[in-house]
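Chemist: my questions concern the predicted model and sequence given below.
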Amino acid sequence: MASEDTSTDLRAVRRRAVIEVWIIVALGVIVYFASSMFDLLEWFADYSRTHEEWELDEFATVVAYLSIALLIFSIRRWREARTARVTAERRSEELKEALAEVRHLKGILPICSACKRIRDDEGYWHQVEEYLQEHADTEFTHGICPECVDRLYPELGDSRRKPNNASR
C-alpha cells in the first residue's frame, strides 16, 4: 500500500514537471515568434523614449529580474522534484528488500496431535523443524528437556538437572 502511494506521488511529481517544462517551452516559442513578427524590443525602446516620464525603461529591468527569478525558481523546483524522485526510489527499494526478508507464518497450522507433524497447503506432512525452517527462516538446535531425560534415559536419573558439586 505504501509503495503504491509512493509510486503514485512520484508519477504526479513527474507529470507536473513535464507539464511545466512544456509550458515554458511553449511560452518561449510564442515570445520568439511574437518578437520576430512585431520586433517588440525595438518598438518598446522607441515607445519608452517618447514617453520618458513613465519610466518604462525600468519596467524592462523588472521584467528581466522577474525572468531570472522565474528561471532560478524553476531550476530549484526541478532539483527538488529530482531529489524527491531519487528518495522515493531509494525508499521503494528499501521496502522491497525489507519485504523480501520478512517472512510470516499466518493463519492456522494443521498439526498432528500424536506426532506433532504439520500439514502444508499441498496436504503433505512435515516435521515441525522442517516446516518452520522452510516458512519462517529459522534454524534449530536440538536438546532434550529434563522430563524426557527421565522418561527416555531413567538410568541417568537426576544427574543432568543438578550441577555436579563434587568436581569443583
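Modeler: On my side now, so go ahead.
Chemist: and this protein, what are its domain boundaries?
Modeler: By the record's domain assignment, the chain is partitioned as 2-101, 105-168 (automatic domain parsing).
Chemist: distance between the helix or strand harbouring Val86 and the chain's centre?
Modeler: For Val86, the host element (DSSP states H and E) is helix 56-101. Counting by Cα atoms, centre = their mean, to the nearest Å, helix 56-101 is centred 19 Å from the centre of its parent chain.
Chemist: helix or strand right after that helix?
Modeler: Scanning forward in sequence from helix 56-101 by DSSP H and E, the next helix or strand is strand 118-119.
Chemist: if you count contacts, what does that next one end up packed against?
Modeler: strand 125-126 (3 or more Cβ pairs under 8 Å, 6 or more residues apart in numbering; DSSP states H and E). Yep, even glycine has a C-beta here, placed from its N, CA and C like the rest.
Chemist: past the strand it packs on, which element shows up next along the chain?
Modeler: helix 128-136.
Chemist: let's test this: mean pLDDT of the next helix or strand after that following helix, rounded?
Modeler: The helix or strand immediately downstream of helix 128-136 is helix 146-152, counting by DSSP H and E. Averaging pLDDT along helix 146-152 gives 86.
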